[in-house]
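S.K.: Sequence and predicted structure below; questions after.
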Amino acid sequence: MTTQAVTVYVPRDSAARSVGADDVAAAISQQAQANGRDVTIVRNGSRGLLWLEPLVEVDTPQGRVAYGPVNADEVAALVGAGMLDGADHPLSHGITDQIPWLAGQQRLTFARVGVIDPLSAASYQEFGGITGLRNALALSPEEVVTQVTESGLRGRGGAGFPAGIKWNTVRNAPGPLKFICANADEGDSGTYADRMLMEGDPFLLIEGMTIAAHAVGATEGYIYIRSEYPDAIQTMRSAIEIAYAHGWLGEGILGTSHNFDLFIRVGAGAYICGEETSMLESLEGKRAVVRAKPPLPALEGLFGKPTVVNNVLTLAAVPTIMSDGAQAYQELGIGRSRGTQVFQLAGNIKQGGIVETAFGISLGDLVNGYGGGTRTGRPVHAVQVGGPLGAYLPTSRFDLPMDYEAFAEAKAMVGHGGVVVFDDTVDMAHQARFAMEFCAEESCGKCTPCRVGATRGVEVIDRIRFADDADSHAANLVVLEDLCQVMTDGSLCAMGGLTPMPVLSALEHFPDAFEPANTAERTSRTEVTP
Amino acid sequence: MTVPPLDQGSAGGNPSQRVREIVADHRDDRGALLPILHAVQTEFGCVPREVIPTIAEELNLSRADIHGVASFYRDFLDEPAGRSTVRLCRAEACQAVGAGELVESAKQQLGVDMGNTTPDGDITLDEVFCLGNCALGPSVAIDGTTYGRVDAARLAALIASARNRVGANQ
């Protein structure tokens, strides 16, 4: 029995912690002591194979060996079976990097997540961090913007607006005070990549924002993180402190004349803050009521100053572009969707987690290939892509490539890359109703079609579901379609404008669910209109 | 998290003095109102109506402005919640794995409706739309800690442990 020192990785990611990673780390530490083994436990981010969490990795001469899902009460037996030496075991998945699920991905943005200690500046640099910033600082702002434009990078928050064009608008805007804002108000159900990145590789976001600051001439930045993410907030705060200490933030970044200060702001439980203008209002200390555009935030954003507002993953893609070149990034993907997207498999899925791969992979390959179908083992019935405002798609659309334009053509959206799977027990009329209910709950109240329309939508859907006769059913379907049109056309932002998407897609692809005969038997678990 | 009654908090008997200190801590922050309201919420377990004039005066804003902001956001409470808050995710990804049934079970286990507190003041039952744990649902957050793959039995154990914790702190 060897007594060599060994490094063991137990994720600190809140998904891993939600299923007992802290207890597992404590148990490993205890077992190491009991067995007289010299063990260093590194709390890394998650590798993204979430169904295997807590996923423990043991460093061996052959590479890191993965075990999972590990329960704290199994640790003693695992250590007894030689886990600390990478021994074979039913819970072992072999060398982590060779697990097909992981090996088939193209991890650029998530390259370090789960690999390194998220708060080790040394590891960050060892695995390629700060190279992009160094390269960017050696270029003029204009050249950096050109690189980002040529990479084809589009906003990862959902709208898919070309990042380089936005940056160029801010760069050309006059004024001594400009801001970089990272939108980390990741409120869409089925999306968690922002959180995992902030918890697993926080320096990457800092580096991306610092590059953006140089590119547009900004000196101050804010990361707006939702309060539902306490671990991400804490990790980002620590990372910012460390970044200042290493000269990656503050005055004279990396010995240049460039200055950039970065602050965290915490949301307060309002979904609407994921919309960029309401996020700016919130950052200003106001009610998060959506602003009309124009003026564009790029010209009159935070406190009326030129502002870059980008999603976490957009900013986090930039260091890779600046280190590996725009060309390499641009070569990935299809059509006008370039580079990689961080897809998030969620809901009723057997193998949920992070799949970062080039645009163009089909929806079916994600759900059935990577996802392995449903967790319950029942047939997949519907998939909601792109968050609560995205379309519900049937399995007959599994051929759709993950591509902004292809999805738009199918009256759906890629959004932030979240994929939520439902099995055949789902009541699609209930899901349509929930979309309206959620909109009524979370509307900021600015636009009448959204504020009032969503409540009317809940009522109309109930009248369709519980219609007494065919005439009333048909008449209310007309009302619903009309209402959806008004919401789409008459709302300033995506909240009211896109809530009809899940509703109408459910109606189009799953019309049977709206038949009164099919809802009657479900009355026991349905709702009463408030 | 134990929420002390207002008159026994760390602020002593003078909430408005403590609020002035909180405002002073954030004086240099841009758009300081949200950080201030978060600090007040942490300190008092809510944003008490009686401190709103103090915040307004310190920031040179109207009381209506402060009230308008505090009432817009779900995190800022009018009065303190129970000693422990159990929040069940009701968003789509958790619905797909039985969040609806878990909500019903939670209501039965606690004997209260969504948004209410048990009569002994121990547990507030609340809903949340997404905790970012969408592959491991149903998810529940108890006093800021997220738990995944929660079924009715695990929820019962978590509630029991929360009750023990707040009992021990009393």
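M.R.: Alright, I've got the coordinates.
S.K.: Now for the residue in chain B positioned nearest to chain A, how many residues are close by?
M.R.: For chain B, the residue closest to chain A is residue B:135, as judged by CB to the nearest CB, at 2.7 Å. Placement of C-beta: from N, CA and C, glycine included. The criterion is other CB atoms under 10 Å in any protein chain shown. On that basis, residue B:135 has 30 neighbouring residues.
S.K.: That one contacts residue A:15, doesn't it?
M.R.: Yes: taking CB atoms under 8 Å as the definition, residue B:135 is a contact partner of residue A:15 at 6.9 Å.
S.K.: Common neighbours of these two, please.
M.R.: By the contact definition CB atoms under 8 Å, 6 or more residues apart in numbering or on different chains, residue B:135 and residue A:15 are jointly contacted by A:50, A:192.
S.K.: how about the nearest residue to the residue in the stretch 51-200 of chain A that chain B sits nearest to, chain neighbours excluded?
M.R.: Distance from chain B to each residue of the stretch 51-200 of chain A (CB to the nearest CB) is smallest for residue A:189, at 3.4 Å. When the adjacent residues along the chain are set aside, residue A:189 lies closest to residue B:91, with 3.4 Å between them (CB to CB, 6 or more residues apart in numbering or on different chains).
S.K.: what packs against the longest helix seen in chain B?
M.R.: Among the elements of chain B assigned as helix by DSSP state H, the one spanning the most residues is helix B:152-169. Under the contact criterion of 3 or more CB pairs under 8 Å, 6 or more residues apart in numbering or on different chains; DSSP states H and E, helix B:152-169 touches strand B:84-89, helix B:99-110, strand B:123-128, strand B:140-142.
S.K.: how deep is residue A:337 tucked in, by neighbour count?
M.R.: Residues lying near residue A:337 (other CB under 10 Å) number 23.
S.K.: roughly how far apart are it and residue A:57?
M.R.: Distance check for residue A:337 against residue A:57: by CB to CB, to the nearest Å, it reads 33 Å.
S.K.: just residue A:506 next, same as before
M.R.: With distances defined as CB to CB, the gap from residue A:506 to residue A:57 amounts to 41 Å.
S.K.: Ok, residue A:205 next?
M.R.: 24 Å.
S.K.: Assess the claim that residue A:35 and residue A:81 are in contact.
M.R.: No: the pair residue A:35 and residue A:81 does not pass the contact test of CB under 8 Å, sitting 11.9 Å apart.
S.K.: And the pLDDT at the residue of chain B most remote from its centre?
M.R.: If you look at how far each residue of chain B sits from its centre, by CA atoms, centre = their mean, the farthest one is residue B:60, at 27.4 Å. Residue B:60 carries a pLDDT value of 96.
S.K.: For it, what are phi and psi?
M.R.: Note on residue B:60: its backbone torsions stand at phi 60, psi 40 [degrees, to the nearest 10].
S.K.: Confirm residue A:248 sits in a helix?
M.R.: No: according to DSSP: H, G, I helix; E, B strand; the rest coil, residue A:248 belongs to no helix; its state is coil.
S.K.: so it touches residue A:130, yeah?
M.R.: Yes: taking CB under 8 Å as the definition, residue A:248 is a contact partner of residue A:130 at 6.8 Å.
S.K.: show me the contacts for residue A:87.
M.R.: With CB under 8 Å, 6+ apart as the criterion, the residues that contact residue A:87 are residue A:81.
S.K.: how is chain A carved up into domains?
M.R.: Domains of chain A are assigned by automatic domain parsing as A:6-103, A:121-330, A:334-423, A:428-525.
S.K.: burial measure for the residue lying closest to residue A:183 once chain neighbours are set aside, as a count.
M.R.: Distance criterion CB to CB, 6+ apart; nearest residue to residue A:183, sequence neighbours excluded, is residue A:311 at 5.1 Å. For residue A:311, the tally of surrounding residues (other CB under 10 Å) stands at 24.
S.K.: Model confidence for residue A:311, exactly?
M.R.: Reported pLDDT for residue A:311: 98.
S.K.: so can I have TSV of the helices and strands packed on helix B:152-169 showing mean pLDDT, distance to residue A:306 and mean neighbour count?
M.R.: Putting those into TSV (pLDDT from 0 to 100; distance: least, CB to CB, whole Å; neighbours: other CB atoms under 10 Å in any protein chain shown) gives the following:
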stretch	mean pLDDT	distance to residue A:306	mean neighbour count
strand B:84-89	98	37	24
helix B:99-110	97	42	18
strand B:123-128	97	35	21
strand B:140-142	98	37	23
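S.K.: out of the ones you listed, which comes closest to residue A:383?
M.R.: Of all the helices and strands packed on helix B:152-169, the one in closest proximity to residue A:383, counting by CB to CB, is helix B:99-110 (17.4 Å).
S.K.: Tell me what angle the closest one forms with strand B:123-128.
M.R.: Helix B:99-110 runs at 170 degrees relative to strand B:123-128, counting by axes from the mean of the first three to the mean of the last three CA atoms, to 10 degrees.
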